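Asks: below are the sequence and a predicted model; questions follow.
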Amino acid sequence: MTDIHAEKGDELILSRLSDEALIGAAHQGQLSAFETFLQRHAPSLYAFLYALSESPAEAEQVFTQTAIAAHQSLGRFKQGMRARPWLYRTALAQCATRHAWTRQDMKPASDDAGLLQALPTKYRAAFALIRCAGLEYGEAAWLTGASVTAVKRRMLKAYESLTRESDVKPAQKNNCLLARRYVLGMLEPSARMQYETRLAESEALRRIVEEERNALHALDASFAAPMPEGLTGQAMQRVAAEEQNRQYAQPWLHAPFYQVAVAIVVIFALAAVLLPILARSREAARRGDALDNLERLGIALQMYAKNHGGDYPPLAPGGVWMFDLRGLYPDYIEDLSLLVDPRLPDADALLDTLRDALDKPEPDYETAARAAAASYTYPRWVVRDATEAAMAARQRAIDEGQQPSGAALPGGASPLPLAEGVARFLITDINDPVANPRYISEIPLLFDSTKTGPEGPQAQTRLVLYLDGHMELVRKDDRFPATLAGAEFFPAPERP
């Protein structure tokens, strides 16, 4: 096993390597490379854990567990990943395992730590990652799975709560908010340059910025914690011991050849039996995630409708059957993974496209809508059969100027837009007490998208969310939209 401490010459060489190069060397068995990496980030890592832990003693324990877990997961460090966010993701996982930052019955080490523990979990994580760990907003967004905009919003909320912000005069509210965003590094480069031009011209603004900066420095100082001497060395001793135990726990490496051969045959036989079962289990898990996504999207759309006079959102531009994200993100839909069907083979690529399109100063909503429409279809109008689907398609063509406004619609009537209470326009027997809920349960709100095959639209089994909130897996050719007409009028768009 590689010695823990490197020679003087090796230390000099290792100190010049990047974090990612050190992780690569550690994965090849050079324990001193991992020690150099840990020493490089130890002060900020301890400060981060101290801010989220119950006591200094617990922060030290989680620090050691983080070092052990990071070393054991070196094989999962992929090319292209950044080492520092990867380390803090491991630290967050250890905190969650020990419940070091989710318990409500803590006895924090200081009043300021108590204020931090009183914040919601996502605000605590944002503050600790940005201010204590020193991560950039983009790194914190990757680590937590939230958007950069969401991380900035959480950081601002945490800062205002921790500084015990008093009521600000209405006339100064906007100036104070801009000053906080400036001091916290949230402004985009162009906005930052404009604000600094205003600062150069206004003594009052400079005074506000100085007050906010002093408040932030005082807050940082209140969470500063000197790292215990020798903590990194103790952690590395535990890492070395765990590595040695791991090697001793694998006696099969020294077993005779025939025993190894028999074990390999047994493993292959079990794999032949278990792999199909595991594949079905994974598919069931992905279907469950898709159901959860649809349910949460339905709740977001219902919240939007309640705040917009009962009307559901309009269609996105670009000719795709998806709602316009400009009115929904991030106020109603904060987690972009909800817009991606986890069952798709390119789900990760679609999620990356969504994040790239929306997490920038001028979001590309058209590209984002096209990526979302690859997973789910939003019909915008009441569509329960092929006739109503044709009416919706014709109405969309008219609205987008592809057909004259006087073009005849199928059946001579206009489609009904999705809205709260739309079922009352479908009731034919006003004396039927169950007519309204029955009609609502028949109106699709969202369903998974389908592709168009080389020989024409191909119908498939479809997962459908209805206007009343219930979901069904509609079998092929059973009823709309899992029919040929559903695939014809609502095909999935080309990938962005």
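Replies: Received it, and whenever you're ready, just let me know what you need.

Asks: please report phi then psi for the residue positioned nearest the centre of the chain.
Replies: In the chain, the C-alpha nearest the mean C-alpha coordinate belongs to Gly145, at 3.0 Å (CA atoms, centre = their mean). For Gly145, the backbone dihedrals (degrees, to the nearest 10) come out as phi 80, psi 10.

Asks: looking at it, it is touching Leu336, isn't it?
Replies: No: judged on CB atoms under 8 Å, Gly145 makes no contact with Leu336 at a distance of 9.1 Å. Yep, even glycine has a C-beta here, placed from its N, CA and C like the rest.

Asks: quick one, strands of this structure?
Replies: 376-377, 444-448, 452-453, 456-457, 462-466, 471-474 (DSSP state E).

Asks: out of these, which one sits most buried?
Replies: Counting by mean count of other CB atoms under 10 Å, strand 376-377 has the highest mean neighbour count of the strands of the chain, with a mean of 26.

Asks: contacts for it?
Replies: 294, 297, 321-322, 339, 341, 446-449, 481, 490, 492 (CB atoms under 8 Å, 6 or more residues apart in numbering).

Asks: give me that answer again for 7 Å
Replies: 321, 341, 446-449, 490 (CB atoms under 7 Å, 6 or more residues apart in numbering).

Asks: returning to what we had before: how much space is there between the residue nearest to the centre of the chain and Asp341?
Replies: 17 Å (CB to CB, to the nearest Å).

Asks: tell me the angle of the lengthiest helix in the chain relative to strand 444-448?
Replies: The longest helix of the chain (DSSP state H) is helix 257-306. Here the directions of helix 257-306 and strand 444-448 differ by 150 degrees (axes from the mean of the first three to the mean of the last three CA atoms, to 10 degrees).

Asks: quick check: mean pLDDT of helix 257-306?
Replies: Average pLDDT, helix 257-306: 77.

Asks: same question, stretch 204-211
Replies: Here the average pLDDT along stretch 204-211 is 87.

Asks: and that stretch, what's buried?
Replies: 205, 208-209 (16 or more other CB atoms under 10 Å).

Asks: next one: stretch 367-387
Replies: 367-384, 386.

Asks: any idea how far apart the tips of that stretch sit?
Replies: 30 Å (CA to CA, to the nearest Å).

Asks: all helices of the stretch 1-150 of the chain, in order?
Replies: 8-15, 19-27, 31-52, 56-72, 83-98, 111-118, 121-127, 137-144, 148-162 (DSSP state H, counting those that start in this stretch).

Asks: mind listing what Ala158 touches?
Replies: Per CB under 7 Å, 6+ apart, neighbours of Ala158: 119, 123-124, 126-127.

Asks: so which of these is the closest to Met81?
Replies: Ala126 (21.1 Å; CB to CB).

Asks: what sits against the nearest residue to that closest one once chain neighbours are set aside?
Replies: Excluding the flanking residues, the one nearest Ala126 by CB to CB, 6 or more residues apart in numbering is Arg154, at 3.8 Å. Neighbour list for Arg154: 122-123, 126 [criterion: CB under 7 Å, 6+ apart].

Asks: which ones are touching the nearest residue to Gly327 once chain neighbours are set aside?
Replies: Spatial nearest neighbour of Gly327, chain neighbours left out: Pro313 (5.3 Å); criterion: CB to CB, 6+ apart. Shown in contact with Pro313 (CB under 7 Å, 6+ apart): 301, 304, 323-324, 327-328.

Asks: okay, those in JSON lines with neighbour count and distance to Ile264 next?
Replies: Converted to JSON lines, these look like this (neighbours: other CB atoms under 10 Å; distance: CB to CB, whole Å):
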{"residue": "Leu301", "neighbour count": "22", "distance to Ile264": "53"}
{"residue": "Tyr304", "neighbour count": "18", "distance to Ile264": "57"}
{"residue": "Phe323", "neighbour count": "27", "distance to Ile264": "53"}
{"residue": "Asp324", "neighbour count": "19", "distance to Ile264": "56"}
{"residue": "Gly327", "neighbour count": "16", "distance to Ile264": "58"}
{"residue": "Leu328", "neighbour count": "18", "distance to Ile264": "53"}
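
Asks: for the residue nearest to Asp364 when sequence neighbours are not counted, give me the pLDDT.
Replies: Spatially, and ignoring its direct neighbours in sequence, Asp364 is nearest to Ala357 (4.2 Å; CB to CB, 6+ apart). At Ala357, the model reports a pLDDT of 89.

Asks: sweet, I'm off.
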